[in-house]
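Q: Test case, fold it:
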Amino acid sequence: MIRTFRYFISFFLLLLAYFFVQRTVFILYQLPHSVAISFSEYVSSNLHAFILDVAATCYMLVIPVMLWSVLLVKDSISLRKAIWWYLFFVIVVSGIIHIVDLGLYYEWGSKINHKAISCMAYPKEAIAASLSSPVWLLLFILIVESVFLLLLYKKYVHPILNGSGSIAFKLLTPVLMLGLLFIGSRGGTQDKPVRKGDVYFSNNPMINQASANSFWNFINVLATEDAGDPAAYHIMPDNEASMLVKELFKQPADSTSKLFSLSKPNFVVVLMESFSSEVVGAFGADYGATPNLDSLAATGFIMSQFYATGFRTDQGMVAIESGFPAQPKTAVIYRYGKFEKLPSLASKLVESGYQTAYYSAGDNAFANTDAYLLSAGYQKLHGKDGMKVKRMALFGAYDDELFDFYLKDAASVVQPFYHLMVTIVSHEPFDARVDKFRKGNSLLDKYINTVRYTDNAIGDFIRKARKEPWYKNTVFIFMGDHAHRMPMNRNAWETERHHIPFIVYGEPLKKSFRGTVSSRTACQSDFPSFISAQLDLPHEEFKWGNDFMNGTTPALAFYTFEDGLGILLQDTSVVFDNQSLKIINARYPGMADSVKRELYHGGQALLQQLTKAYFELGD
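A: Numbers count the residues shown, from 1 in each chain. Now for the predicted structure:
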């Protein structure tokens, strides 16, 4: 009997030590590109993590206890081996989850969530996206952690596995142990089981994520459908939240400033992959990577404080097309029954007499892009399969080939038209073979070089387009689909991580706006309202955005990350974490506490109502 308890206590402590090592490795891995932490924060992380570590350990021990219960009836070498091979399997799985979290947090600022699992439906793209991570280092971490734990188990724990005992012991102990595992797996005997937010304690999101056991988090994601439950973000009464949100998205009498001299110009909207404002010269960068965009901006109109609502192309696309912002943890584009109910700019423009088309050099099936855009009213979709591709990067053909294909196709287009294009070469891992503007081989060098390539492709495209008959009637809008942690190695929650370029250029742009800059705060979900207002079309259905050319509407931008939101209201901003209910960052530390609270509660209300709206879209 004593040997049995020694065995399971040793097993239990060994797994706890394993999770302690994983957490320490996670923190060390993220430290070079995260906010510095103190030793006391590290200690606190381990203390707060204990409850989820225990829960994860209890999950892992259920099957060994059940197999041991059979051993009590009849000792068997096969059953002893089964326990060993089970441990081997579960440790390797846990190790894989751990190294995926290492890379995923670096890229997305989150551990595995529903959004990441949705991407697994496209394994080719998922593998390509992972290539920017140090794969060999991650595999080394997996092997060292797993082998070390298995060796310790085999030498010190497995030999004391025992199946002897009295009849009463054999009858009662398995029931008692399974009961203890049940209590431990739910975090105690309280009414509600332990949740991820119970281990959040810091204003530093990385420390909070480190405290959340990776194995437990993965099981929790699999056990919950998605992040669409409004109860997860229900902070205040719905009527109070609704009133606060209505103040953020007022629909006052239309007094928009008209940018264009034509009543129905053509539109070519170019979503530039991973373009951050921090790499574009016209927005203050000094890398010299965007001379062509800078030239267009000099005679165009730019929004200097424009923000992406998320950090993926599909999020940006839904925001500029349906005015529906990015959601934490999940993405509406993966839910057919939901995105089909969203309003769309393309459908509105088709009703107004526009021809609509989408151009990409990638796979239009990725992230349900084709299904969403067809549902949104795009009459034609063009992807790499319809192009004569000469050069391919991991995610698609090169941008110059996309622009050349567009020019050929647009030669026969009927005006007025609204065309959406998405570039691809500056997609991580930046594998495209482009000229080396910067001679190094770091991630930053690769990023800058691919941005410079896309900028050159845009310059060539505009020079060629000027020769086309439709050019004089066409407005070109260049914006980032989302930003990137490069060039400044930003964290996912940082406001600057979501700051993207927005440039309007073309002959229909009124001379009074050429070469001008608006410092008004705006974001991608404002875009459908902006275009609609410019064309004198109603836009009340786009409830999550403001017409940023209407000076009487709030100058608002907001974005979501793993489980939080950043909200900017002109010159002020607050970033908060929904799990810890803490303010992570405020743009101006000297802002009045009352302003912080107002923005904080407005952001909470916005997140609550956005999640409620997502849920009410149904399936």
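Q: only C-alpha atoms for contact and neighbour calcs from this point on.
A: Will do.
Q: Point out where the chain drops to low pLDDT.
A: 1-3, 119-132, 162-170, 225-229, 252-254, 589-591, 619 (pLDDT under 70).
Q: Which helix in it has the most residues?
A: helix 39-73 (DSSP state H).
Q: Mind giving me the packing neighbours of that one?
A: Judged by 3 or more C-alpha pairs under 8 Å, 6 or more residues apart in numbering; DSSP states H and E, helix 39-73 is in contact with helix 2-30, helix 77-108, helix 167-185, helix 205-211, helix 214-223.
Q: buried set for the longest one?
A: Think helix 77-108. 79-80, 83-84, 87-88, 91-92, 94-108 (16 or more other C-alpha atoms under 10 Å).
Q: before we move on, what about the last one?
A: Under the neighbour-count criterion of 16+ other C-alpha under 10 Å, helix 214-223 has 214, 215, 216, 217, 218, 221 buried.
Q: same for it, what does it pack against?
A: helix 39-73, helix 77-108.
Q: go with 6 Å
A: Counting contacts by 3 or more C-alpha pairs under 6 Å, 6 or more residues apart in numbering; DSSP states H and E, helix 214-223 is packed against no other helix or strand.
Q: Other residues contacting it?
A: 56, 94, 98 (C-alpha atoms under 6 Å, 6 or more residues apart in numbering).
Q: how far away is the spatially closest residue to residue 543 that is not a sequence neighbour from residue 42?
A: Excluding its sequence neighbours, the residue lying closest to residue 543 (C-alpha to C-alpha, 6 or more residues apart in numbering) is residue 249, at 7.0 Å. To residue 42, residue 249 is 41 Å away according to C-alpha to C-alpha, to the nearest Å.
Q: For those two, indicate the residue with more neighbours.
A: For residue 249 versus residue 42, the count of surrounding residues by other C-alpha atoms under 10 Å is larger for residue 249: 19 against 16.
Q: Give me the domain ranges for this protein.
A: As given by automatic domain parsing, the domain ranges for the chain are 2-222, 265-554.
Q: Quick check: which of these has the most neighbours on average?
A: Burial of those is given as mean neighbour count (mean count of other C-alpha atoms under 10 Å); domain 265-554 ranks first at a mean of 21.
Q: quick one: that one to chain centroid distance?
A: Centroid displacement of domain 265-554 relative to its chain, using C-alpha atoms, centre = their mean, to the nearest Å, is 18 Å.
Q: Strands of this structure, start to end?
A: 266-272, 301-307, 355-360, 380-382, 392-393, 396-397, 417-422, 474-480, 502-506, 516-523, 556-561, 564-569, 572-577, 582-586 (DSSP state E).
Q: With residue 144 as the reference, measure out to the closest residue in space to residue 101 that isn't next to it in sequence.
A: Closest residue to residue 101 apart from its sequence neighbours, by C-alpha to C-alpha, 6+ apart: residue 111 at 4.8 Å. Separation of residue 111 from residue 144 (C-alpha to C-alpha): 21 Å.
Q: swap in residue 441?
A: 28 Å.
Q: now residue 20
A: 14 Å.
Q: again with residue 504
A: Residue 504 is 53 Å from residue 144, where distance means C-alpha to C-alpha.
Q: Please apply the same query to residue 223.
A: 29 Å.
Q: Likewise for residue 266?
A: For residue 266 relative to residue 144 (C-alpha to C-alpha), the value is 58 Å.
Q: swap in residue 474?
A: Residue 474 is 58 Å from residue 144, where distance means C-alpha to C-alpha.
Q: Could you do residue 109 as well?
A: Counting by C-alpha to C-alpha, the gap from residue 109 to residue 144 is 25 Å.
Q: With residue 98 instead?
A: In terms of C-alpha to C-alpha, residue 98 sits 13 Å off from residue 144.
Q: Make sure residue 261 is actually in contact with residue 508.
A: Yes. Residue 261 is in contact with residue 508 according to C-alpha atoms under 6 Å; the separation is 5.3 Å.
Q: For residue 438, give me its contacts.
A: Residue 438 makes contacts with residue 445, as judged by C-alpha under 6 Å, 6+ apart.
Q: mind redoing it with 7 Å?
A: Contact partners of residue 438, counting by C-alpha atoms under 7 Å, 6 or more residues apart in numbering, are 445, 449.
Q: So the closest residue to residue 504 other than its chain neighbours versus residue 378, what's the distance?
A: Once flanking residues are discounted, residue 504 sits nearest to residue 477: 4.6 Å by C-alpha to C-alpha, 6+ apart. Counting by C-alpha to C-alpha, the separation of residue 477 from residue 378 is 18 Å.
Q: if we can go back for a sec, the inter-axis angle of the longest helix of the chain versus helix 214-223?
A: Going by axes from the mean of the first three to the mean of the last three C-alpha atoms, to 10 degrees, helix 39-73 is angled at 70 degrees with respect to helix 214-223.
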